[in-house]
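>>> fold the following.
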Amino acid sequence: MKNDLILNIDKKNIIDQINKSLKDSNINISHNHIESVLNIFIEEFISLLIEKKKIKLNNFGTFKIKKRGARKVKSIFTKEFKIAKETNKIYFFLSENIKKIFKKRLMNIYHVRIEYPR
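As a prediction, this is how the structure comes out:
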């Protein structure tokens, strides 16, 4: 049951879904062209995110890179404290529109109340 709730998607799945949607709309574009466009999009997205530190996709969400400072951590094996280096972490925040859609659909499926942290 737990695995039924997880959907692993890779580039091939995305390309196949785009190809299927285009064929349903009577648009024929080769698999290689779709893959090229997706690769360009991903590369540009990563470059912009690294350069600008924040990308907002309207009506979808915001990707943001935050710097996590150096901190003291305890090794679970040796029980010694070490200093972990400063790192960058990518965060994703859903847009309000997407939150409303998820909330509505999940409430209809599971009949539960869903609250998002503010």
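
>>> now whatever helix or strand residue 41 lives in: buried residues?
Element membership of residue 41 [criterion: DSSP states H and E] is helix 31-52. Within helix 31-52, the residues scored as buried using 16 or more other Cβ atoms under 10 Å are 34, 35. Just so you know, the C-beta spots here come from the backbone N, C-alpha and C atoms, and that holds for glycine as well.

>>> distance from it to the middle of the chain?
Offset of helix 31-52 from its chain centre (Cα atoms, centre = their mean, to the nearest Å): 14 Å.

>>> render the CA-only coordinates of it in PDB, please.
Presented in PDB, the C-alpha positions along helix 31-52 are these (Å, rounded to 0.1, in the frame of the first residue of the first chain):
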ATOM      1  CA  HIS A  31      11.000  11.300 -29.400                       C
ATOM      2  CA  ASN A  32      14.500  12.700 -30.000                       C
ATOM      3  CA  HIS A  33      13.200  16.300 -30.400                       C
ATOM      4  CA  ILE A  34      11.200  16.100 -27.200                       C
ATOM      5  CA  GLU A  35      14.200  14.700 -25.400                       C
ATOM      6  CA  SER A  36      16.400  17.500 -26.700                       C
ATOM      7  CA  VAL A  37      13.900  20.200 -25.700                       C
ATOM      8  CA  LEU A  38      13.600  18.700 -22.200                       C
ATOM      9  CA  ASN A  39      17.300  18.400 -21.800                       C
ATOM     10  CA  ILE A  40      17.700  22.100 -22.800                       C
ATOM     11  CA  PHE A  41      15.000  23.100 -20.400                       C
ATOM     12  CA  ILE A  42      16.600  21.200 -17.500                       C
ATOM     13  CA  GLU A  43      20.100  22.600 -18.200                       C
ATOM     14  CA  GLU A  44      18.800  26.200 -18.500                       C
ATOM     15  CA  PHE A  45      16.700  25.700 -15.300                       C
ATOM     16  CA  ILE A  46      19.700  24.500 -13.300                       C
ATOM     17  CA  SER A  47      21.900  27.300 -14.700                       C
ATOM     18  CA  LEU A  48      19.400  30.000 -13.800                       C
ATOM     19  CA  LEU A  49      18.800  28.500 -10.400                       C
ATOM     20  CA  ILE A  50      22.500  28.500  -9.600                       C
ATOM     21  CA  GLU A  51      22.900  32.000 -11.000                       C
ATOM     22  CA  LYS A  52      19.800  33.700  -9.500                       C
END
